[in-house]
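Novice: Using only what follows, build the 3D model:
(chains A, B, C, D and E, ligands or ions: 4)
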Amino acid sequence: ASAQTVLRLDEVAVGELDPGKASDYADSILMFNVYDTLVLPVQGGPGYAPHLAESWEADGNDFVFKLRQDVKFQSGNPLTAEDVVFSFDRMKALGQGLSFVFAKVESAEAVDAGTVRFKLSEAYSPFVASLVRLPILDKALVMENLGEGDGEMKDWGQAFLSANGAGTGAYKVVAHNPQQETVMEKNPDYFLDVADSAPDQVRLRYSLEAATVRTLIAQGEHDISSQWLPPEVLKALAGSGAQMLKETGGGAFYVKMNTAKAPLDDVNCRLALASAFDYSAGIQMVAVADGVAQGSPSTGAIPVGMFGAGETPLVRDLEAAKAHLAACQYKPEDFTLELSWIGEVPIEERFALLMQANFAEIGIKSEIRKVPWALFTELVSKPENTPHISQIFANAVTGDPDTLLFPMYHSTLKGTWQSPENLEDATVDELLVKGRTVTDPEERQATYAALNERLMEIAPTIYGYDRQSLFAASNRVKVPALTDPDKAFGLDGMGFSFRLMEMTGQ
Amino acid sequence: MTALLSLDRVSKTFTQGRHEVRAVDDVSLDVIQGECLAIVGESGSGKSTVANMILGIYPPTAGTIAFRGEALPAARTLAHRRAIQLVQQNPLSSLNPKRSIGASLRLPLDVHDLGPRAARAARVGVLLEEVGLPADYARRTPESLSGGQRQRVAIARALACQSDLVVLDEPTSALDVLVQARVLKLLNDLRKGRGLTYVFITHDLSVVRNIADRVAVFERGRLVELNPTETIFSDPHHPYTRRLIGAVPVVTADEVRLRDRLMENDNERA
Amino acid sequence: MTAPTLAIRDLTLGFRGWAGQVDVLHGISLHIMKGERVALVGESGSGKSVTARIVLGLLQQLKTARIGGLVAFEGQDLSTLSARQRHALRGTRMSMIFQDPTSSLNPVYRIGSQFHEVLKRAEPGISAADARRKAQAALADVAIPDPARALDSYSFQLSGGMNQRVMIAMALANEPSLLIADEPGTALDVTVQAQTLSLMRALVEKHHTSVLFISHNLGVVREFADRVYVIYKGRIVEHGRSADLFADPRHPYTRALLSAVPRITGGGIPEIDDVSESYFAPMVVHEGCGEPGEVG
Amino acid sequence: MKRTLFILLRNPLSALGLFLVALVVLSAVFADFIAPFPTHAGAVVDFANFNKPPEWPYVFGTDLVGRDLFSRILYAYRISLLLGVVVLVVAVPIGVTIGLVAGYLGGWTEYVLMRITDVFLSIPPLVLAMSMMGLLQPTLTNGMLAVTAMWWPWYTRLVYNLARSEKEEGYVLAAEVIGASKAHVIFREILPNCVPSIVTKMTLDLGFVILIASSLSFLGLGVQPPTPDLGSMVADGAKYLPDSWWLTVFPGLAILVAVFGFNLVGDALRDVLGTGQ
Amino acid sequence: MPPVVRLLAKRLGTSLLVLVGVSMLIFAIARIIPGDPARIALGPNASVEQVAQMRERLHLDDALPVQYAYFVRDVFRGDLGISLYTNRPVTTDIAQFLPATLELILVAGLMMVLIGLPLGVIAARYRGRWADHAIRLITLLGVSAPSFVWAVILMLCFAYFLPLFPIAGRIADSYAIAPVTGFLTIDTLLAGNLSAFANAAWHIVLPAFALALSGIGQAARLTRSNMVETYDKPYIEMAQSYGFAEGRIARRWAFRPSLIPSLTIIGLDFAAMLGNAFLVEAVFAWPGLSRYGVAVILRKDLNAIVGTVLIISAMFLIVNIVVDLLIALINPRIRHSQRAG
Ligand SMILES: Nc1ncnc2c1ncn2[C@@H]1O[C@H](COP(=O)(O)OP(=O)(O)OP(=O)(O)O)[C@@H](O)[C@H]1O
Ligand SMILES: Nc1ncnc2c1ncn2[C@@H]1O[C@H](COP(=O)(O)OP(=O)(O)OP(=O)(O)O)[C@@H](O)[C@H]1O
Ligand SMILES: [Mg+2]
Ligand SMILES: [Mg+2]
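Specialist: Ligands and ions are numbered 1, 2, ... in the order given. Below is the predicted model of the structure:
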């Protein structure tokens, strides 16, 4: 073989290697490459395809999966049903990361070496989708490396797994420093074919500054940026010849209004703000080049591509805004809105300023307040402390609208960072529950469409834009999953499957 | 005769790394109210150390110091401070380089609340003039004064306190003879006028002869002779005293004769 | 005739400040021949120390000082020498004993290492051990009882007189051709003073060192100096051989000075008049004591 | 006064410093009249003109929402100067007093005071500020309070060491012998001799205070947008380097000019104070 | 020397006391910082039950003294708890990140001393002349901008436009050096890999310089201003009268007595860098403790906050002791004070 090819990319914050604790984007990249899941989203379309599982069927509320027989862990151990059960049990036991998506799953059991049965407590249609968040661990290896802890399973291998991989994935962990970088190398014994052109070594770096990434890419010392670069930096990189990778769907930028606090407890007032917001200026603000932006026009509460998404983009309507405001029980001169933005997300400051200017046009005064994330999570726990306006980026962790909308709008879950609206609406609750129990895709489509309509009507949120993640990349790498819509996965982070990338050697 | 101040078997030892320095060794002496007691002796014989102990700058290693019959505590009261004053040997460092001469002189007036507030500035001027400096030197900084000028400021400051006992550590050694004469005169007048008591540390035996009532002679930390001035100069007992007098540089023939006579005696006895 | 070791002609000095210029020296002239001991006496603040500092070239670097006139060392006009050349003279050919011994020694270095530094001026490669040996001998010469301890001490650990003797020993150590002694005896007891004076005298005789001796102790001056200059408020008022001058003081200021000296024979503190106008009377030069190259 | 000016103007560097300080103070005071776009200090967005490099009429360029940087910098001087001055005016006397007292008195007082100082010093400023934020409302005043809380121990340490050495000087002894009160010795005798170091440190600190304020704004304490703040402008702009360089460079230069000027004046002031009155 | 040892022992003892004070204070403070640590640790998507469970596990619902008791118990087991941020024992994290920062600030500290002090000495020696003016202006520039701005500027100038230095990290990817001390410059030497050492040293130059710039400026300026004062002292005149070389007078006679303020500030600066280096570490992607510290504060990672702050405090105390000892060493009057009280 010729010289090793190295792919270098970066992500914010630290990389969490333990799949039981993985929650953010960096963790997902690690997880999707070091571990495999039973199913994978279908590329370029809806639905889920077999991966570690050969096939599956629903049995009442339960699901039964048949495993592939030819899969070996990186350690050389063969994959069995026991490993799947162990992985599930560990996820539940730790109760961290994204384990909540399995709230409706009671247990997993090995029917035989190649068959697993998941028992659900009630009908839960997004279950198969949620399996993309259940990476399968090498039970034998983990058991050999249990750390100190109480009980039979001691620490469930947490100490070991925070620094080592124990998966079947196409890439093996060589070195891991959660604040600096994770180095991975191609797994030669991967159960699927991996093209020779896929990178031999991958260095996932953490917490690089925007200016550093900008410089490194320009000097050819870095390959793919994170999606968190400010639009201006992406613009500059695009201008100097970098390619733009794009990941669509799964999330949106929401401007949330505290419905428990005057004057936003009056729906007319909320509608006035939603109409006054300048949607196209918002898109322009995150635009990188013509037709390339970190967002696409919003059509409503549900991002385009998911069940129930609307069709017509939202536009600003000042006349309507004034009409709504006139119908509102509060007079604009009597209140000042508090517009908060999360200190860690600078682009929100600009949106706050945009809103301040927009709202001023219909006579509403406002103040801007910068709130660090830690403080924000605390403020939202009480409606009276929650600012009038909060700005949130949210996404569906499994690609299913349920994981996006249920935590935001169900009245039992109000007062979290996802639900600073403190919404309490019976119709919404009802539709949310229906959406997760019906299984037929058409029925789900109809349910979420109704939900979307209701959410437009009562306007707890200004639906800012549908999120598109943009990554600047050097020309040394080709990433079909992030450039060709027909190869795209409808799941954040899955596009970073390194085995599907090609190093072009330039 | 009442002892204003009495030292009782006072010693002071400094430790300095490996060395131990016995600076003052078992010294007892009384200072009588209204007198001028001169302390002479070789350099390094512990004179300044005695002065510093009297002032309470550091405590004696052994022995006690009593003032008006009461043992002086390690921490002096304001009254003690006022009652005993010091003119330091090193005039430059005893004046704060960042404060004007006037401010330094005014300090004792303010501390002990001497005289009406409004008159203090004028008093500072008078003090300066008393030691032969123009009153407008009050605005100067110590750096722009010559050595003798600084010394006079230090004397003026000690006198400003109107204390009972003044310890003068070589107060005139940096002065020219004219100013010295004037300062000595002033010191003498004040002593008579106010009934002050002086401990006058000096090397200048001619000065001692003319101002002191009694003389204490130190050698290597020990008190070797303590006698009235007359006795010291007419019939010195201790050989060291005689050697001292014999070494005095003089300006007149009379003096040379006196010196020679004493030296002869010394040779005879030896 | 060889040039005098030091010749000063019409030296003036003023300090410039925000309040204008203050004149300190009003044109003084003096000279010192090789091996000669010359005293400069006068009241405190009359400009003795500044004269010494000008000779060493120390005041020249002060921005506020305005200096005029001529200072020649061994026939060379100091102002024509480069800074480097002037620098080379200090500590080797001329050295000075400072008036305020305690503050003139660096408080953060032991005496020993300061002494070493001084010795290095004459003998740059001198080893620490050699320097220490030399320094001990030098300190013993000035009657410091325990030279080893003194060398290990800091200046604030020694008495004023000890510091002064350290200064004297340092100044003599390199056998300079011009020694400026600014009140070298003030802090010394008379026995030690006499001892150091005789040491200085011996050295002067041996090496033909010239000495500028600044003092207001007229007794010391009488015993030590060959010639005396009396200075009053920045002007030389009288100049003559010591014996002549003490026997026959002619200028009113000199007379006042002499009469103010307390006598060990007693007689009380002399009465002195207030400053008199007559102190500004013209300079008196005793016979045979004219400045070289001058008529008179 | 006359003398102070004499000293300040004698030296070209001090004169330059005086000029710069005057420039900064005047632009802060008269921002309303000088700024080409006075409204841009507030919540204005102009997406037609955002992120523009310096060009007429935006001499320093525009920021990411289209506001004139030059105008914003003028207004930012107001806050920054206020903050810097207030913090130093509060923190320095506290720190200096504690340092003097500890250094001069020694013994138990020294022990207790210096250990408290150690505790404050050794807690990173950010932690201190964050905890403040937990207790207080995020206002400018509280921001100042937070910065003050992290500032004083530095002066304590500095002055403590100075006082320990000044204490051994003869003039301290002289004052004690006269019977001067401890307060007098500390504040009238020792303090003036520490002033040069304090002034040097203070003028150096003025810039740091402006910058620390930016990390406070980052935490949500202190100046809130849209009010302009030099520190935040620099910190936020740094992300857009090297392309949108004007976002960092001009506010950075603005800080530089102010700090530079104050330091030059500080130097000169030290000379004045150094020679005493 | 026994007295020094005694002094040291005393200072170390009291430092421990201070550390206990700091630990209590920081323990309380960490809990005042807004935000629910469990919620933050579990990530944005965690459920309410998960959060409750986590709080329970962390004893967050107990009274503060009880929590502190748990903490003390764990400390005696050598356990600072698990970082919620990296999910590793805090001790592991600190052991990994501390050497990186320590290496960085040691180099920066060295620069402060080796560049800052000499600059100050030169400026004071040539006070009022062009060298003085030049140094004053340059050092002023150094202190007039914050270290992270310098970091960005240096990176742009010397790594981007003029690619002389590496942009990020501690060593090039191609070297694999087994960590022994954690100090790469030392580890590379231990591994006998000279080119790796050169590479690591090369990486440290820019970040350390950016970090040191303001300290260099402060040290130089304080040194200069104090030396200028010292130059008025009689003992300098005496040194000049002996014709000691001007440079030697500056370096020996005037420098040492003027060193106290500079030393104090350098010491403080040095210790403070541990907590304040985060922005520079961020710019140069330096995996250090400072950045870790800030990250854990922002994420309210209680154990990690307490752990890091304690380490930083300990550093501070050590540096303070060293500075105090040094000051006593350079000023013998303090050391030999005979005064009562
Ligand atoms: N740096 C200076 N700035 C201003 N004036 C000064 C300076 N140095 C000395 N003077 C003044 O010059 C005059 C002469 O000072 P000098 O030190 O030569 O006196 P002196 O004759 O040595 O007196 P003494 O016997 O008291 O030491 C004094 O009036 C003094 O105030
Ligand atoms: N702080 C100190 N530490 C150590 N030794 C000291 C200290 N102060 C004084 N000594 C020593 O004590 C002895 C006496 O010193 P002191 O200053 O009392 O002498 P003195 O009689 O005043 O001499 P002089 O006439 O020279 O001033 C000297 O040997 C000196 O070295
Ligand atoms: Mg003495
Ligand atoms: Mg003099």
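
Novice: need the contact list for the nearest residue to residue A:224 once chain neighbours are set aside.
Specialist: Leaving aside its sequence neighbours, residue A:224 sits nearest to residue A:9 (CB to CB, 6 or more residues apart in numbering or on different chains; 3.9 Å). The way it works is simple: take the backbone N, C-alpha and C, and place the C-beta from them, glycine included. Residue A:9 is in contact with A:202-205, A:222-226, A:496, counting by CB atoms under 8 Å, 6 or more residues apart in numbering or on different chains.

Novice: How about the secondary structure of residue A:9?
Specialist: Of the three states, residue A:9 takes strand according to DSSP: H, G, I helix; E, B strand; the rest coil.

Novice: for the chain, which helix is longest?
Specialist: Using chain A here. Counting by DSSP state H, the longest helix found in chain A is helix A:441-458.

Novice: please go with chain C instead
Specialist: helix C:190-207.

Novice: Based on its surroundings, how many neighbours for the residue nearest to residue A:51 when sequence neighbours are not counted?
Specialist: Take residue A:51 and drop its neighbours on the chain: the residue closest to it by CB to CB, 6+ apart is residue A:40, 4.3 Å away. When neighbours are counted by other CB atoms under 10 Å in any protein chain shown, residue A:40 registers 20.

Novice: again with residue B:256
Specialist: The burial count for residue B:256: 14, using other CB under 10 Å.

Novice: What's the mean pLDDT across the one helix or strand residue A:182 maps to?
Specialist: Assessed by DSSP states H and E, residue A:182 sits inside strand A:181-186. When pLDDT is averaged along strand A:181-186, the result is 93.

Novice: What strands line up against it, and which way round?
Specialist: Paired neighbours of strand A:181-186 in the sheet (DSSP bridges): strand A:171-177 (antiparallel), strand A:201-206 (antiparallel).

Novice: Give me the contacts around the longest one.
Specialist: Spelled out, it's strand A:171-177. The contact list for strand A:171-177 (CB under 8 Å, 6+ apart) reads A:15, A:17, A:33-34, A:74, A:163-165, A:181-187, A:201-202, A:498-499, E:96, E:287.

Novice: one more time with 6 Å
Specialist: A:17, A:33-34, A:74, A:163, A:165, A:182-185, A:187, A:498 (CB atoms under 6 Å, 6 or more residues apart in numbering or on different chains).

Novice: shaky segments in chain A?
Specialist: A:1-2, A:506 (pLDDT under 70).

Novice: Please apply the same query to chain C.
Specialist: Low-confidence segments of chain C (pLDDT under 70): C:1, C:18-19, C:187, C:274, C:293-296.

Novice: Pull the residues that contact the helix or strand that the longest helix of chain A is followed by.
Specialist: Next helix or strand after helix A:441-458 toward the C-terminus (DSSP H and E): strand A:461-473. For strand A:461-473, the surrounding residues in contact (CB under 6 Å, 6+ apart) are A:223-225, A:227, A:234, A:237, A:242-248, A:251-256, A:274, A:277, A:282-283, A:294-296, A:298, A:300-301, A:303-304.

Novice: which residues touch the helix or strand just after strand A:461-473?
Specialist: The helix or strand immediately downstream of strand A:461-473 is strand A:477-478, counting by DSSP H and E. Strand A:477-478 is contacted from outside by A:223, A:501-504, using CB under 6 Å, 6+ apart.

Novice: one more time with 10 Å, if that's ok
Specialist: A:5, A:7-9, A:197, A:199, A:223-224, A:243, A:245, A:484, A:498, A:500-506 (CB atoms under 10 Å, 6 or more residues apart in numbering or on different chains).

Novice: strands paired with it, and their directions?
Specialist: Partners of strand A:477-478 in the sheet, by DSSP bridges, are strand A:502-503 (antiparallel).

Novice: For the stretch 151-296 of chain C, which segments count as helices?
Specialist: Here the stretch 151-296 of chain C has its helices, by DSSP state H, counting those that start in this stretch, at C:160-173, C:190-207, C:218-224, C:242-247, C:252-260.

Novice: right, I mislabeled it, should have said the stretch 1-150 of chain D
Specialist: Using DSSP H, counting those that start in this stretch, helices in the stretch 1-150 of chain D cover D:2-10, D:12-29, D:31-34, D:69-105, D:107-122, D:125-135, D:140-166.

Novice: So the last one, near chain A or not?
Specialist: What that stands for is helix D:140-166. No. Using CB under 10 Å from any CB of the partner chain, helix D:140-166 never reaches chain A; the gap is at least 11.9 Å.

Novice: and the residue of the stretch 51-200 of chain B found nearest ligand 1, how many neighbours?
Specialist: Going by CB to the nearest ligand atom, ligand 1 is nearest to residue B:148 of the stretch 51-200 of chain B, at 2.9 Å. Number of residues near residue B:148 (other CB under 10 Å) recorded here: 29.
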